[in-house]
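Trainee: give the three-dimensional model of this entry:
(chains A and B)
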Amino acid sequence: MKYVILIHSNPEPWGHPTQIYTKEGRELPQEQHDEMDREFDALMNEISASGEFVTAEALADPASATLYRWSAGEHLATDGPYAESKEHLAGFFLIDCESRERAEEIAAKFAQPGGVVELRPAMWQGGDDH
Amino acid sequence: MTDADLEDVWRRSAPPVLAAIVRRYGDFDAAEDAVQEALMAASVQWPVDGTPANPTAWLIRVASRRLIDQHRSDKARVNREQAATRQLPADEKHSPAADARDPYVEDDAVLLLLLCCHPALPRASQVALTLRAVGGLTTGQIARAFSVPESTMAQRIVRAKARLRQVDARFSLPSPQELPDRLTALQHVLYLIFNEGYTSTEGQTLYDVSLTDEAIRLTRQLHEQLPDCDEVAGLLALMLLTDARRAARADADGSLVPLSDQDRGRWDRAAITEGTRLLETVLGRGHVGPYQLQAAIAAVHCEAESWEETDWMQIVVLYRMLDDIAPSPAVTLNLAVAAAMVHGPDAGLRMIDPLLNDEMQSRRNHRVHAVRAHLLEMTGRHGEAGTAYAAAARLSTSIPEQRYLNSKAAQLAR
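Mentor: Here you go, the predicted model:
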């Protein structure tokens, strides 16, 4: 089953990894960042080895986006950012795993200072007729 | 010999040849390379010389020769041959004529199947390796069938082989202690492959391979080699009886048709007959396992002219047995539906109460709400049924199923 892990964050300035650029992240000592990096590397190795990791991308500054809005007349294209909110979509991971429980186990490890991690199931074209 | 004929020989021949080579030399990767080279030699020589009387033996000979040539330039060759010799039973240490190897070829495929389901591998890797090594599918075909990028699937297979090397997994029959669990894992993998193929509504037309056909073919092979294993026969029967319904499960625009509404005239009677016959030979024997029970349930449905005329009491009995040996939320839900047909919808509703009170189930499992909705609809409580269908729709991750549940919700809201 496929799930997307969406990282919402507000790094200032925009940069990756986002957690070193957020206010909450800046308040943490370097050793804690190093420990978090080690744990994240271990996680990536684990889900790459298991084949659960499919793909991921870190995203560019929200201001670099182009937004397309539909209307009955002309379609409007404007410059980003999209979100009115404080946090922006900073990156995404696509995983393929056996259960919701497993997806939650993986997503929990993405938690980061100054960010919100969203786990969302993907839809598929198949279905069961029971 | 046409290209299509050659492709057919490849698909059928590669797995037993690979199995025979892995058996002899133990190195999965080198074996795969050697078999590839032998197949390429065949594609050049056979159209000119004609297909040999025994294509598999020819391929084994050529692949073996390639591998030996490869080893001659390898310093570790001596050690490997010694290790391989240690693994061979005494009467095989003298190299037999290639033709004499044939009786072992079929058994080799079963050993390879068992090796691919080694407990050191995660389930998804077991599935991928099985399809690659024994199914003879390309990495691209497997990737498309499971809707992941080819590179992801390639990684799973590469890492699976590396892991097998790491744990020094042997190409031999698992020990008597290991065999039951390994066989169970293999059955689970085969069923996963079948289910993936069966539930992908667009799968049959979009992809160039049929996972259901693949699963049935491999399970048939396993059944032929292990005729006394009742659960394998049960698994094959379950696949045949389920696949029999394929033509009726989706309508013209691709929407899913639930079992209750399917046009049973479109069911494949030949597959039903074969599945039922298989079941009849095993069910009398005593120890009944989960696949046999699921197959028996499928057989009861397949025998019925309609949803209403189904022998629901028999289905209740069978689900109760399944609940005893392999309980799960799905079993409880299906039992509730069957019980409702015998004792009325309120009996069914009582049965699903524990699932509604289970936090994980009620928050995440759309089927809990879908079944509740169906039972409420049976009682005539249409308002509540509509709400439950809507809840089920929101939780569903299947696009056609979600569409169906939303339409039921809308229908009952009127």
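Trainee: can you report how many residues neighbour A:Pro113?
Mentor: 18 (other C-beta atoms under 10 Å in any protein chain shown). Any C-beta I mention is one placed from the backbone N, CA and C, and that applies to glycine too.
Trainee: so where's the stretch 101-250 of chain B uncertain?
Mentor: B:101-106, B:201-208 (pLDDT under 70).
Trainee: what does it have sitting close to chain A?
Mentor: Residues of the stretch 101-250 of chain B lying close to chain A (C-beta under 8 Å from any C-beta of the partner chain) are B:122-125, B:128, B:146-149, B:152-153, B:155-156, B:159, B:199-203, B:245, B:249.
Trainee: any idea which helix or strand carries A:His8?
Mentor: strand A:2-9 (DSSP states H and E).
Trainee: for that strand, which strands pair with it and how are they oriented?
Mentor: The pairing partners recorded for strand A:2-9 under DSSP bridges are strand A:88-96 (antiparallel), strand A:115-121 (antiparallel).
Trainee: what residues does that strand touch?
Mentor: A:18-19, A:22, A:54, A:87-97, A:103, A:106-107, A:110, A:112, A:114-122, A:124, B:147 (C-beta atoms under 8 Å, 6 or more residues apart in numbering or on different chains).
Trainee: ranking the strands paired with strand A:2-9 by burial, who's on top?
Mentor: Ranked by mean neighbour count, those are led by strand A:88-96 with a mean of 20 (mean count of other C-beta atoms under 10 Å in any protein chain shown).
Trainee: name the residues that touch that one?
Mentor: A:1-11, A:16, A:18, A:47, A:51-59, A:62, A:81-83, A:103, A:106, A:110, A:115, A:122, B:124, B:146, B:148, B:152.
Trainee: quick one: name the residues of chain A near chain B.
Mentor: A:1-2, A:48-55, A:96, A:98, A:100-101, A:121-130.
Trainee: tell me which of these fall in helices.
Mentor: Members of these lying in helices (criterion: DSSP state H): A:Ser48, A:Ala49, A:Arg100, A:Glu101.
Trainee: ok, of those residues, which one's closest to B:Glu214?
Mentor: Of all those, B:Glu214 sits closest to A:Ala49, with 25.9 Å by C-beta to C-beta.
Trainee: hang on, that closest one packs against B:Arg156?
Mentor: No. Using C-beta atoms under 8 Å, A:Ala49 makes no contact with B:Arg156, being 9.4 Å away.
Trainee: looking at those two, which is more packed in?
Mentor: More crowded of A:Ala49 and B:Arg156, by other C-beta under 10 Å: B:Arg156, with 30 against 17.
Trainee: distance-wise, check the residue nearest to that one when sequence neighbours are not counted relative to B:Ala160.
Mentor: Nearest-residue entry for B:Arg156: A:Gly51, 3.6 Å, with adjacent residues in sequence omitted and distances by C-beta to C-beta, 6 or more residues apart in numbering or on different chains. According to C-beta to C-beta, to the nearest Å, A:Gly51 and B:Ala160 sit 8 Å apart.
Trainee: got it, and A:Thr78?
Mentor: From A:Thr78 to B:Ala160 the distance is 48 Å (C-beta to C-beta).
Trainee: before we move on, what about A:Leu67?
Mentor: 43 Å.
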